[in-house]
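J.: Please find the sequence and the predicted model below.
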Amino acid sequence: MVLLKKNNMRSLLMFFLLSTSLTFSQHSKDEVLKYQDDLKEFYVNPDTTPLNTEELNDFIGINFFPFSEDYIVKAKIEYLKNEPVFKMASTGKRQQDYRRFAILHFELFGQKEQLEVYQNIALSEKEGFEDSYFLPFLDFTNGEFTAEQGRYIDLKIPKNATEITLNFNLAYHPYCAYSHGYSCPITPFVNLINQSVDVGVKY
């Protein structure tokens, strides 16, 4: 029963994040702050939280860097073809199937960066999530202000799109940053941003 509950909580968090962050038609400050408030509520609500009773009692809440439009950038999409399915490394025994989908090319504070985007195979088979993708990333805040294994952004990429808006204000921690007993994807080192990303979730 404990394992079942944890699996259900994992699914709830994934669907919450996708259904909130991916509904944005704009990337305004008000929308981002609403998303962050919803994420805070998700963790403290006993009906949705992935935290057990002891963890919830000790939970001090989720913190965020201040919102900044400087971290909302246009990224060009380089699609990848015929990529094999692979098991992404995780913090626990459970590893999920992913496929490299695309590489995003963008500039951040005048510095050229690129990040790989992944497709979660199981999620892509669910109705309504066929064009939903996973973007984990590392940056210079990891291990001090943010989780060592990196932060995540969920993306929706329309078919044949040539560029997307990448909003780092939406970055969130994996659930294992707050709770034990979960297997969270470990961000591939290729997705290191060579600077600090001082927006999104933090400790």
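T.: Perfect, thanks for sending it.
J.: and the residue most central in space within the chain, what are its bridge partners?
T.: Centroid-nearest residue in the chain, with C-alpha atoms, centre = their mean: residue 152, separated by 2.3 Å. Beta bridges link residue 152 to residue 136, residue 172, judged by DSSP bridges.
J.: Return the distance of it relative to residue 129.
T.: Separation of residue 152 from residue 129 (C-beta to C-beta, to the nearest Å): 15 Å. For the C-beta atoms, the positions are set from N, CA and C on the backbone; glycine is no exception.
J.: now swap in residue 104 and tell me
T.: Using C-beta to C-beta, residue 104 is found at 19 Å from residue 129.
J.: who's more crowded, these two?
T.: Taking other C-beta atoms under 10 Å, residue 104 and residue 129 do not tie; residue 104 has more neighbours (24 against 20).
J.: what's the helix or strand for the closest residue to the more buried one other than its chain neighbours?
T.: Leaving out its chain neighbours, the residue that sits closest to residue 104 by C-beta to C-beta, 6 or more residues apart in numbering is residue 75, at 4.0 Å. Residue 75 is located in strand 72-79, with elements delineated by DSSP states H and E.
J.: Next: residue 133.
T.: strand 132-137.
J.: Which strands or helices does that strand pack on?
T.: Packing partners of strand 132-137 (3 or more C-beta pairs under 8 Å, 6 or more residues apart in numbering; DSSP states H and E): strand 97-108, strand 111-120, strand 151-156.
J.: Try it again at 10 Å.
T.: For strand 132-137, the packing partners by 3 or more C-beta pairs under 10 Å, 6 or more residues apart in numbering; DSSP states H and E come out as helix 2-21, strand 97-108, strand 111-120, helix 121-124, strand 151-156, strand 163-167.
J.: any weak-confidence spans in the chain?
T.: 1-26 (pLDDT under 70).
J.: I'd like to know how far residue 158 sits from residue 145.
T.: 33 Å.
J.: got the buried residues for the strand or helix carrying residue 35?
T.: Assignment of secondary structure by DSSP H and E places residue 35 within helix 29-44. By 16 or more other C-beta atoms under 10 Å, the buried positions in helix 29-44 come out as 31, 32, 35, 36, 39, 42, 43.
J.: State the next helix or strand along the chain beyond it.
T.: helix 53-58.
J.: Can I get that following helix in PDB, CA atoms only?
T.: Provided in PDB are the C-alpha atoms of helix 53-58 (Å, rounded to 0.1, in the frame of the first residue of the first chain):
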ATOM      1  CA  THR A  53       3.200  12.700   7.800                       C
ATOM      2  CA  GLU A  54       6.600  13.200   9.500                       C
ATOM      3  CA  GLU A  55       8.100  15.000   6.500                       C
ATOM      4  CA  LEU A  56       5.000  17.200   6.200                       C
ATOM      5  CA  ASN A  57       5.200  18.200   9.900                       C
ATOM      6  CA  ASP A  58       8.800  19.200   9.400                       C
END
